[in-house]
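Chemist: generate a structure from the sequence data that follows.
(one chain, ligands or ions: 3)
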Amino acid sequence: MAYFPEVSKVEYEGPESKNPLAFRWYNPDEVVEGKTMKEHLRFSIVYWHTMRGTGADPFGAGTMVRPWDDGTDSLDNALRRVEVAFEFFEKLQAPFYAFHDRDVAPEGSTLAESHANLDRVAQALKEHQEKTGVQLLWGTANLFSNPRYLHGAATSCNFDAFAYAAAQVKKCLEVTKELGGVNYVFWGGREGYQCLYNTDMKRELDHLARFFHMAVDYAKQIGFTGQFLIEPKPKEPTKHQYDSDAAACLNFLRAYDLLPHFKLNIETNHATLAGHEMMHELDYAGHQGALGSIDANTGDLLLGWDTDQFPTNFYLTTQCMLAILKHGGLAPGGVNFDAKVRRESFEPIDLFYAHIGGMDAFARGLKIAAAIRADGELEAFVKERYSSWDSELGRQVEAGQATLADLEAYMLEKGEIAPNRSGRQEMLENLINRYI
Ligand code: XLS
Ligand code: NI
Ligand code: NI
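Modeler: Numbering: from 1, shown residues only. Ligands and ions are numbered 1, 2, ... in the order given. Okay, here's the model as predicted:
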């Protein structure tokens, strides 16, 4: 059964191609810096936007035309979506996908029923994974949509909400393991606050840490070896999300002895909401050894919320790939398109155009970044910029072997600092432009 009869497998045709259903840059087997594009990029498609996005916004109902979806919450409908999803993944040559428990299977009227629904759909997902070779990049539990989580889940003031969330994560870990998921993600959902007058922040953070420790312990118990990831986001839905950015997440993980068990899943639109560039977040996570995976999308700076658009900007993808290559790549993470088509792009084929554009933008960013690295000019400039630190005393300071008194003695003798040199920002911006 073909749900996308107008599309056959999307193939690489090269930059000259004008076929809107072909890749112009993503050539899965092409080798860049010793690995294939497929191995570098590890593209993943999200179930929530691509299979479940309706196009609804606060001002109006859904607009998406999805002929296979009967609009019900039935198991049959869920099982049919699995077929659609895997046809889509295969036609796009996407090696991975990602889901929330509630995207793939309907919530039942009891927790036991929800568990059973998830088991049933997971069985179908497994069969399709085996048939197609598509793998699960990560699973996650939806701990934010149901009204029971209105005060949060792991940070709720209501102990029962915490317990329910724990039960959901336990089950979702089991299913992720069963499906061979290579990561498991916690995005903060409603873990944050709207108002400090009614919030015991310390207690909530302590609870969040307990929750993560229990997940780590349970993963060990069942032999789940995937990488745990936290996805930073500063706001939306709450005004302050606890996992606000890479630095805040790492501080939290360090403070609660969770650092050895977690890396970060960095999302572009969340970085911009936090007032950072994506490259900043990637580099920050990377130099702490915590760059796990990325949610590839982009926001609209004129809008200011999490618009989750598909990335098409070569400067953005080049910056991402410069940081990712610098820190040794993403595996077992990947480039996960946490992105949705616009409400006005309501036809199924728009899903193809969207993903093709995102995959091509990253493939091109990879090639540009690799070319910049191969020429080495940028790296050499940075190295030279810090070369005064390569002096004997500079090295001693870096190694923690010098004191304020040593530096005073040095400066008393020298009298004045060496002349500063230009940062050459504009020259370097021009240098990047040479490759784009
Ligand atoms: C929401 C998040 C979410 C996570 C998965 O803003 O990006 O989609 O990636 O829970
Ligand atoms: Ni995300
Ligand atoms: Ni997001």
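
Chemist: the residue nearest the centre of the chain and F337, how far apart?
Modeler: Geometric centre of the chain, nearest residue: D295, 2.5 Å, by C-alpha atoms, centre = their mean. Going from D295 to F337 by C-beta to C-beta, to the nearest Å gives 8 Å. Every residue, glycine included, has its C-beta placed from N, CA and C.

Chemist: still on that earlier bit, distance check, the residue nearest to the centre of the chain against ligand 1.
Modeler: Here D295 is placed at a distance of 5 Å from ligand 1 (C-beta to the nearest ligand atom, to the nearest Å).

Chemist: which residues touch that residue?
Modeler: D295 makes contacts with 231, 265-270, 336-338, as judged by C-beta atoms under 8 Å, 6 or more residues apart in numbering.

Chemist: hmm, 6 Å instead?
Modeler: Going by C-beta atoms under 6 Å, 6 or more residues apart in numbering, D295 touches 267, 336, 338.

Chemist: sketch out the low-pLDDT regions of the stretch 151-300 of the chain for me.
Modeler: Within the stretch 151-300 of the chain, no stretch has pLDDT under 70.

Chemist: looking at it, which residue is nearest ligand 1?
Modeler: Across the stretch 151-300 of the chain, no residue is closer to ligand 1 than W187, which sits at 3.5 Å (C-beta to the nearest ligand atom).

Chemist: list the contacts of the residue lying closest to that residue once chain neighbours are set aside.
Modeler: Excluding the flanking residues, the one nearest W187 by C-beta to C-beta, 6 or more residues apart in numbering is E231, at 4.0 Å. By C-beta under 6 Å, 6+ apart, E231 lies in contact with 185, 187, 265.

Chemist: which helices and strands sit right next to the lengthiest helix in the chain?
Modeler: When the chain is parsed with DSSP state H, its longest helix is helix 348-375. Applying 3 or more C-beta pairs under 6 Å, 6 or more residues apart in numbering; DSSP states H and E, we find helix 348-375 packed against helix 37-41, helix 314-326, helix 425-435.

Chemist: now the strands for the stretch 51-200 of the chain?
Modeler: Using DSSP state E, counting those that start in this stretch, the strands of the stretch 51-200 of the chain run over residues 96-100, 135-140, 183-187, 192-193.

Chemist: quick one: the closest residue to ligand 2 within the stretch 301-436 of the chain from I372, how far?
Modeler: Ligand 2 sits closest to D338 of the stretch 301-436 of the chain, with a gap of 3.7 Å, by C-beta to the ion. Distance, D338 to I372, by C-beta to C-beta: 26 Å.

Chemist: and L316, by the same measure?
Modeler: Counting by C-beta to C-beta, the gap from L316 to I372 is 15 Å.

Chemist: what do you get for L378?
Modeler: Distance, L378 to I372, by C-beta to C-beta: 6 Å.

Chemist: neighbour-wise, which of these two wins?
Modeler: Neighbours were counted for L378 and for I372 using other C-beta atoms under 10 Å; I372 has more, 21 against 15.

Chemist: right, and the more buried one touches N433 too?
Modeler: No. I372 is beyond contact range of N433, at 11.0 Å (criterion: C-beta atoms under 6 Å).

Chemist: which neighbours do those two have in common?
Modeler: Residues touching both I372 and N433 (C-beta under 6 Å, 6+ apart): none.

Chemist: any low-confidence regions in the stretch 301-436 of the chain?
Modeler: By pLDDT under 70, the stretch 301-436 of the chain contains no weakly predicted segment.

Chemist: get me the contact residues on it for ligand 1.
Modeler: Within the stretch 301-436 of the chain, the residues that sit near ligand 1 (C-beta under 6 Å from any ligand atom) are 306, 338.

Chemist: give me that answer again for 8 Å
Modeler: Within the stretch 301-436 of the chain, the positions adjacent to ligand 1 are 306, 308, 336, 338 by C-beta under 8 Å from any ligand atom.

Chemist: which of the residues you listed count as buried?
Modeler: 306, 308, 336, 338 (16 or more other C-beta atoms under 10 Å).

Chemist: any idea what the third one is bridged to?
Modeler: Spelled out, that is N336. S44, D295 (DSSP bridges).

Chemist: surely it and F99 touch.
Modeler: No. N336 lies out of contact with F99 (C-beta under 6 Å); the separation is 10.8 Å.

Chemist: quick one: the residue in the stretch 151-300 of the chain positioned nearest to ligand 2 from E429, how far?
Modeler: Closest approach between the stretch 151-300 of the chain and ligand 2, counting by C-beta to the ion: D295, at 3.7 Å. Between D295 and E429 the computed distance is 27 Å (C-beta to C-beta).

Chemist: residue contacts, the closest residue to ligand 2 within the stretch 1-150 of the chain?
Modeler: Here the stretch 1-150 of the chain gets closest to ligand 2 at one residue, V46, 7.8 Å apart by C-beta to the ion. By C-beta under 6 Å, 6+ apart, the residues touching V46 are 98, 338.

Chemist: over to G139?
Modeler: With contacts defined as C-beta under 6 Å, 6+ apart, G139 is in contact with 172, 176, 181, 184.

Chemist: count the neighbours of the first one for me.
Modeler: Counted with other C-beta under 10 Å, the burial measure for C172 works out to 25 neighbours.

Chemist: residues touching C320, list them.
Modeler: Here C320 is in contact with M278 (C-beta under 6 Å, 6+ apart).

Chemist: which positions in this structure make contact with ligand 2?
Modeler: Contacts of the chain with ligand 2, taken as C-beta under 5 Å from the ion, map to 267, 295, 338.

Chemist: swap in 6 Å and give it another go.
Modeler: 187, 231, 267, 295, 338 (C-beta under 6 Å from the ion).

Chemist: burial measure for the third one, as a count.
Modeler: The number of residues packed near E267 is 28, by other C-beta under 10 Å.

Chemist: find me the pLDDT at the residue lying closest to G108 once chain neighbours are set aside, would you?
Modeler: Leaving aside its sequence neighbours, G108 sits nearest to S114 (C-beta to C-beta, 6+ apart; 4.4 Å). S114 carries a pLDDT score of 98 in this model.
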